[in-house]
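K.L.:
Predicted model follows, preceded by the sequence.
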Amino acid sequence: MAKLPFYEGANLYFVTFTLNKHVHLFKNAIYRDIVIDSLKFCVNQRHLRIFAYVIMSSHLHLIVFDSSYNNKRLKITIDQFRSFTAHEILKKLKVNNPDLLLNFIEKSRTDREYRIWTDGFHAIGLDTEQKLKQRFDYIHNNPVKALLVEDPKQWIYSSASYWEDGEIGLLPIHHFLDVDENG
């Protein structure tokens with residue numbers, strides 16, 4: 001469940017998904033591609049719209065909205081994304097990297113053996129231009145701050161090059177003013 005709820009008055013949300021124990025799983029394309037493919041599916045089939053994103057080795061940040069600003073549907077989509085990706089990552093770990101799977105053993109709950117994502121996700125409503133700009137800049141500067149690149153545009157797992165140069169990246173980007181009223 002989201003630590004901060006989706007609420008009326010905010011239609012654009014900054015969300016963070018972190019791998020349990022901050023394991024650097026997304027350095028490996030097999031696992032990173034599960035996230036990328038699932039986000040594409042959510043855009044194409046579940047009305048998710050991505051305004052900005054960055055995928056790092058142990059987490060990802062997104063600024064998202066629903067195609068018709070339906071916050072209930074957005075929450076369901078995000079919950080489904082988390083569940084689906086957790087199951088797919090778990091399946092791949094069991095086959096490809098059982099030693100790494102040990103990092104995801106869940107000891108504190110009895111309803112599951114493994115936990116891929118940390119509990120919940122942060123959903124912060126971006127209801128002012130200042131909040132939007134701050135989170136937008138934070139997302140794109142994440143790889144720079146981590147000393148992975150010198151310029152945000154160099155990180156291919158980000159929307160920075162789209163917003164600076166119009167270059168199409170790994171995920172489709174939608175402007176929050178492009179809303180599907182029928183969606």
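P.N.:
Everything's here; your move.

K.L.:
in this protein, which spans are strands?
P.N.:
Along the chain, the segments classed as strands by DSSP state E run 13-18, 48-55, 59-66, 122-125.

K.L.:
could you dump these to a markdown table with mean neighbour count?
P.N.:
Yep, even glycine has a C-beta here, placed from its N, CA and C like the rest. Putting these into a markdown table (neighbours: other Cβ atoms under 10 Å) gives the following:
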| stretch | mean neighbour count |
| --- | --- |
| strand 13-18 | 22 |
| strand 48-55 | 23 |
| strand 59-66 | 23 |
| strand 122-125 | 18 |
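
K.L.:
Output those strands in CSV, with distance to Ile34 and mean pLDDT appended to each entry.
P.N.:
Below are the strands of the chain laid out as CSV (distance: least, Cβ to Cβ, whole Å; pLDDT from 0 to 100):
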stretch, distance to Ile34, mean pLDDT
strand 13-18, 12, 96
strand 48-55, 11, 98
strand 59-66, 12, 96
strand 122-125, 21, 86
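
K.L.:
Where does the prediction get shaky in the chain?
P.N.:
1-8, 109-110, 177-183 (pLDDT under 70).

K.L.:
in the top helix by length along the chain, what's buried?
P.N.:
When the chain is scanned for its longest helix (criterion: DSSP state H), the result is helix 71-96. For helix 71-96, burial by neighbour count (16 or more other Cβ atoms under 10 Å) applies to 71, 73-75, 77-78, 81-82, 85-86, 88-90, 92-93.
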